[in-house]
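1. what follows is a predicted protein model with its sequence.
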Amino acid sequence: MKIRKAVFPVAGLGTRVLPATKAMPKEMLTIVDKPLIQYVVDEAREAGIEHFVFVTGRNKGVIEDHFDRMFELDATLEARGKKAEQDILARDQPDAGAMSFTRQQAPLGLGHAVWCARDVVGDEPFAVLLPDELVLNTPGCLAQMIEAAAKLPDKSNLIAVQEVPADQTHQYGICGIGKRLAQRGVFEVASMVEKPPKGTAPSNLSITGRYILQPEIFRILQTQERGAGGEIQLTDAMIGLSKSQTFYGVEFEGERHDCGSKAGFLRANIAYGMARADLRDGLREEMRKYLEQ
Ligand code: UTP
């Protein structure tokens, strides 16, 4: 199963981090020195993705600009001999023609956003990466999933899963664990449920923001009713697809950060800052000062 395309839904409103997202897309919030969207595009590139599909909406034009060449900036850096900065800009850009931008005119939910990518994806399996969830690890989360997918039958669907504390399962999409495979950390998904009421979750493995899906999901999304929160939920469509195709859970290696919440965003900045050799010592010193206050 070859996964060539990845979908990045970036049309949401980001209400949990207002007012930061009033005029700026949540996906452009910065972790250390890169916007969130750059991290997930880099993760997809590392996993071998060849085409990057962005589902955008109003106020999201700056995401498209971020992946464009800035001639004036380039020329100024060139004139000032700032080669290292020029290299960073060149490094972060996918190849010309390797990106598509499609539009979700109203934020009707993640499932609807994925459905908006149907024509660009076409009839082949594809990855979905949610830019507000980062996984700090090498290899990245999607690379681990693609490695797992290579050993599974065609027409398999994969979801990245990670343990959450048992008393928090009601805040997440949770999956039930079926047969475990010989591949470490891979199992057949027995059930999926979005935000189960307290005490009813089939496990404490939450569905995280990385998926490998078969194109048949689009047919289901086409008629998917609104679910939790009045939104068209991807999890509901996956439950529909699981009646005819197998879903596998992949317990990936790495630390997951929910950058769509204020606390998660701050934590991610500390974690990614501490992972940087050029920043670690100074950051540790600064944090020590605050902890002593
Ligand atoms: P979230 O639910 O985390 O994002 O969706 P949100 O709706 O923007 O955030 P809050 O809850 O209001 O704070 C995960 C990803 O799916 C995209 C978002 O942009 C985000 O990257 N999304 C969500 C869409 O593209 N369209 C939607 O209708 C909903």
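-> Everything's here; your move. Numbers count the residues shown, from 1 in each chain.

2. can you give me the neighbour number for the residue nearest to Asn59 when sequence neighbours are not counted?
-> Closest residue to Asn59 apart from its sequence neighbours, by CB to CB, 6 or more residues apart in numbering: Pro25 at 6.4 Å. For glycine as for every other residue, the C-beta is placed from the backbone atoms N, C-alpha and C. Other residues lying near Pro25 total 26 when counted by other CB atoms under 10 Å.

3. buried stuff in stretch 188-203?
-> For stretch 188-203, a neighbour-count test (16 or more other CB atoms under 10 Å) marks Glu188, Val189, Met192, Val193, Glu194, Lys195, Pro196, Ala201, Pro202, Ser203 as buried.

4. need the nearest residue in space to Arg267, chain neighbours excluded.
-> His257 (6.2 Å).

5. and that neighbour, how far from the ligand?
-> 13 Å (CB to the nearest ligand atom, to the nearest Å).

6. for that residue, what are its contacts?
-> Applying CB atoms under 8 Å, 6 or more residues apart in numbering to His257 gives the contacts Glu133, Leu134, Val135, Leu136, Gly264, Arg267, Ala268, Ala271.

7. SS state for the residue of the stretch 1-150 of the chain found nearest the ligand?
-> Of all residues in the stretch 1-150 of the chain, Gly12 sits closest to the ligand, at 2.1 Å by CB to the nearest ligand atom. For Gly12, the assignment made with DSSP: H, G, I helix; E, B strand; the rest coil gives coil.

8. for it, grab the count of nearby residues.
-> Other residues lying near Gly12 total 24 when counted by other CB under 10 Å.

9. what kind of secondary structure is the residue lying closest to it once chain neighbours are set aside in?
-> Of all residues not flanking Gly12 in the chain, Pro107 sits nearest, at 5.4 Å (CB to CB, 6+ apart). At Pro107, secondary structure determined by three-state DSSP is coil.

10. what about Pro107, distance to Gly229?
-> Distance, Pro107 to Gly229, using CB to CB, to the nearest Å: 11 Å.

11. torsion angles phi and psi at the residue positioned nearest the centre of the chain?
-> Residue closest to the mean C-alpha point of the chain, counted by CA atoms, centre = their mean, is Leu130 at 2.4 Å. Here is the backbone geometry of Leu130 (degrees, to the nearest 10): phi -90, psi 120.

12. element containing the closest residue to it other than its chain neighbours?
-> Computed as CB to CB, 6+ apart, the closest residue to Leu130 that is not its neighbour in sequence is Gly209, at 3.0 Å. In this assignment (DSSP states H and E), Gly209 forms part of strand 205-213.

13. what's in contact with that strand?
-> Strand 205-213 is contacted by residues 3, 114, 125-130, 132-133, 135, 141-142, 145-146, 149, 156-164, 169, 172-175, 177, 192, 234-235, 238, 241, 249, 251-252, 256 when judged by CB under 8 Å, 6+ apart.

14. the helix or strand bottoming out on mean pLDDT in the chain packs against which elements?
-> Within the chain, confidence by mean pLDDT, DSSP states H and E is lowest for helix 83-91 among all helices and strands, at a mean of 90. The contact analysis (3 or more CB pairs under 8 Å, 6 or more residues apart in numbering; DSSP states H and E) places helix 83-91 against helix 71-79.

15. neighbouring contacts of the helix it packs on?
-> Taking CB under 8 Å, 6+ apart as the rule, helix 71-79 contacts Lys83, Glu85, Gln86, Leu89.

16. JSON lines for those residues, including distance to Arg219 and neighbour count?
-> Shown next, in JSON lines, are the contacts of helix 71-79 (distance: CB to CB, whole Å; neighbours: other CB atoms under 10 Å):
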{"residue": "Lys83", "distance to Arg219": "50", "neighbour count": "10"}
{"residue": "Glu85", "distance to Arg219": "46", "neighbour count": "15"}
{"residue": "Gln86", "distance to Arg219": "46", "neighbour count": "16"}
{"residue": "Leu89", "distance to Arg219": "40", "neighbour count": "14"}
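
17. now, which of these sits nearest Arg118?
-> Checking the contacts of helix 71-79 against Arg118 by CB to CB gives Leu89 as the nearest, at 32.3 Å.

18. I figured that closest one hits Asp68, correct?
-> No. Using CB atoms under 8 Å, Leu89 is not in contact with Asp68, being 10.4 Å away.
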